[in-house]
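[1] I would like the atomic coordinates for the input below:
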Amino acid sequence: MAGELVKAERVLKIGQRIEFYVDDDDEKYLSRIEDITKDAIYAAMPVNKKRVPVIPMRGSQVYALAVGERCRYRFFSIFRERAMQDGRIPVWRIDRPDTVEKHQNREFVRVRVTKKVSVSVMGDDGSIGEPFVTWTVDLSGNGVCFLSNEPMPYDTELALELYDIPGAGNVKVMGRVIHSTKFERPDGDVYHVGTHMEHLSRAIMNKIVRYLFYVQRRNIAKGIEF
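    As a prediction, the model looks like this:
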């Protein structure tokens, strides 16, 4: 199953290396887990590139990547407060998640979602073709597959606009075609066009991943296979 969700208690361990992104900040902050309780994770207070301690506002959302032996586990949480572990180690106290998402080789998991998307083909001279509106087949943190009545050559450059992504709104991004697969249907052939989204900011990427993480948890609760 793509994007396997596992119980946090099975994989999050004291001493484990962890990476944080805060709200819409693109900078990655390195830390480690100092302690875990029923409701909270205490992580060593990270510092920024200037070696200044990073202290988010209470209630800030954090995107976390916990490093395992052969993969990483990602989850979203809320920063609650700074504290002192054992009276000497400055730490963050964040909410402990119930589940985390397993993903290997740092690849983004594709999740089946149906969202409206506008597609325009870019010309070699930089011109933008007439847009057409279609629907997504699946979405990931750095790619989207959509339906097309016509095949698209590999490496075709596209201007995309994804509509109504919860938490992100409409997302405009450039993309390049990486595959175009034909599917035969009684009402006519259709193509699944997979594209890589280029130059997507970490802030928007995190919002998309957060939405997909929610979809996965909702589908698992309903017993839906990915």
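
[2] ok, now which ones touch residue 27?
    With contact set as CB atoms under 8 Å, 6 or more residues apart in numbering, residue 27 has these partners: 21, 48-49. In this view, the C-beta of every residue, glycine as well, is placed from N, C-alpha and C.

[3] redo those as TSV? Include distance to residue 77 and secondary structure.
    Output for the contacts of residue 27, formatted as TSV (distance: CB to CB, whole Å; DSSP: H, G, I helix; E, B strand; the rest coil):
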residue	distance to residue 77	secondary structure
21	11	strand
48	19	coil
49	23	coil
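
[4] what is the burial count for residue 73?
    24 (other CB atoms under 10 Å).

[5] what strand or helix carries it?
    Here residue 73 is covered by strand 71-85, with elements defined by DSSP states H and E.

[6] send the alpha carbons of that strand over as PDB?
    Provided in PDB are the C-alpha atoms of strand 71-85 (Å, rounded to 0.1, in the frame of the first residue of the first chain):
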ATOM      1  CA  CYS A  71      13.400   5.000   5.400                       C
ATOM      2  CA  ARG A  72      11.900   8.200   6.900                       C
ATOM      3  CA  TYR A  73       8.700   8.800   8.700                       C
ATOM      4  CA  ARG A  74       6.800  12.100   8.300                       C
ATOM      5  CA  PHE A  75       4.100  13.700  10.300                       C
ATOM      6  CA  PHE A  76       2.600  17.000  11.200                       C
ATOM      7  CA  SER A  77       2.400  18.400  14.700                       C
ATOM      8  CA  ILE A  78       1.800  21.600  16.700                       C
ATOM      9  CA  PHE A  79       4.500  23.500  18.600                       C
ATOM     10  CA  ARG A  80       3.300  24.000  22.200                       C
ATOM     11  CA  GLU A  81       6.200  25.500  24.100                       C
ATOM     12  CA  ARG A  82       9.900  25.500  24.800                       C
ATOM     13  CA  ALA A  83      11.100  23.700  27.900                       C
ATOM     14  CA  MET A  84      14.100  22.300  29.700                       C
ATOM     15  CA  GLN A  85      14.800  18.500  29.600                       C
END
